[in-house]
Structures are given as C-alpha cells and as structure tokens.
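Chemist: sharing a sequence plus its predicted fold:
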2 protein chains.
Amino acid sequence: MARVVVNVMPKAEILDPQGQAVHRALGRIGVTGVSDVRQGKRFELEVDDSVTEADLQKVAETLLANTVIEDFDVVGVEIAK
Amino acid sequence: MARVVVNVMPKAEILDPQGQAVHRALGRIGVTGVSDVRQGKRFELEVDDSVTEADLQKVAETLLANTVIEDFDVVGVEIAK
C-alpha cells in the first residue's frame, strides 16, 4: 500500500476568490508580510501495487482536476507494504 | 520571500463525502486498487521574512482550518530571497 497525494491548484492566470478572501482577512488578525494566498485542493489516495502511474494521471485528469482552470501534480508520499 | 504550504485535511474520524464521491467514481473509469480517497485543501502563501512560524500557526488555525473537524500542517517549501 502506498499513499499518493494529488495537489490541485488554480492556474496562475485564473482568479482565485477564495485565496483573495483569505488574503484580505490576514490584516484583521494582525499578520502582515503575506503577499499572496492561493487556495487549491489536496487529495490523499490509499493505493495498492496494481495502480500504475498512468492510472493516477488518468484519475487526476478525469476526476480530481479541471484541467482547463487547474494544474495538478501527483506525489507519492510513502510506501508501507 | 518564501512559499509556505498549509495542508488542511478532514480529521480521520470525520466523514468525507467529497472523497467518498471520488472513490465511487473510480470504478466508472476502470481504476481499481484504490482503497480510500480523502479530500482536503491546500493553501500556498507567499510570505516575507517578517512572518514568523507563530504567525503561520495563527493564520492556519484562525483562517484556513476549522480545527474542530480538520487537521492542518504548515510546510515551508522554498526560500527564494
């Protein structure tokens, strides 16, 4: 078994109203020095050895990210057999 | 400047209907071998050197995560001065 993480973030040219809302809220809690906040999604998948890299790419492209407006990357974080 | 990533995931004991929906959809695209999917959030913050670790903890606890139902971790990913 392995845990695979898929990070999905809005593309750089896409406005990110959720991130902007967080950014504006920082002043209210007295934190300055943050120039940008972007909000995306993180998926954690528990996969067995039958799942290939190609499968994971297909899952990310088809189910997890909207590739018109989002970039994704697939990261394997741990192997625990 | 540094990029800080804050990962926010539903606590293990919390149901995750979004992750479950993704998990059910895997069969439709012919991917087996995934035993669990959890969906959370990923925030990317561009911060300058005035922002302390304590500031980041406060931001994550106050604005980014609902600590009743979510866990978070703060990860510094790159320093580019």
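Modeler: Noted; the coordinates are in hand.
Chemist: the longest strand belonging to chain A pairs with which strands?
Modeler: Assignment by DSSP state E gives strand A:34-47 as the longest strand of chain A. Sheet pairing here is set by DSSP bridges, and for strand A:34-47 it gives strand A:2-10 (antiparallel), strand B:34-47 (antiparallel).
Chemist: tell me the buried residues in whichever helix or strand comes after the longest one?
Modeler: What that stands for is strand B:34-47. The helix or strand immediately downstream of strand B:34-47 is helix B:53-59, counting by DSSP states H and E. Buried residues in helix B:53-59, counted by 16 or more other CB atoms under 10 Å in any protein chain shown: B:55-56, B:59. Placement of C-beta: from N, CA and C, glycine included.
Chemist: hmm, helix B:53-59 in reach of chain A?
Modeler: Yes - against chain A, helix B:53-59 shows contacts by CB under 8 Å from any CB of the partner chain at B:55, B:58-59.
Chemist: so the helix or strand just after that helix versus strand B:34-47, what angle?
Modeler: Where DSSP H and E defines the elements, the next helix or strand beyond helix B:53-59 is strand B:70-79. Per axes from the mean of the first three to the mean of the last three CA atoms, to 10 degrees, the angle that strand B:70-79 makes with strand B:34-47 is 50 degrees.
Chemist: in strand B:70-79, what counts as buried?
Modeler: For strand B:70-79, using 16+ other CB under 10 Å, the buried residues are B:70, B:72, B:74.
Chemist: so what's the first one bridging to?
Modeler: Using DSSP bridges, the beta-bridge partners of B:E70 come out as B:P10.
Chemist: try A:V74
Modeler: Beta-bridge pairing for A:V74 (DSSP bridges): A:V6.
Chemist: list the contacts of the least confident helix or strand in chain A by mean pLDDT.
Modeler: For chain A, the helix or strand with the lowest mean confidence is strand A:70-79, at a mean of 86 (criterion: mean pLDDT, DSSP states H and E). By CB atoms under 8 Å, 6 or more residues apart in numbering or on different chains, the residues outside strand A:70-79 that reach it are A:1-11, A:14, A:40, A:53, A:56-57, A:60-61, A:64-65.
Chemist: how far away is the residue of chain A positioned farthest from its centre from B:N66?
Modeler: For chain A, the largest distance from the centre (CA atoms, centre = their mean) belongs to A:G30, which lies 27.2 Å off. Distance, A:G30 to B:N66, by CB to CB, to the nearest Å: 20 Å.
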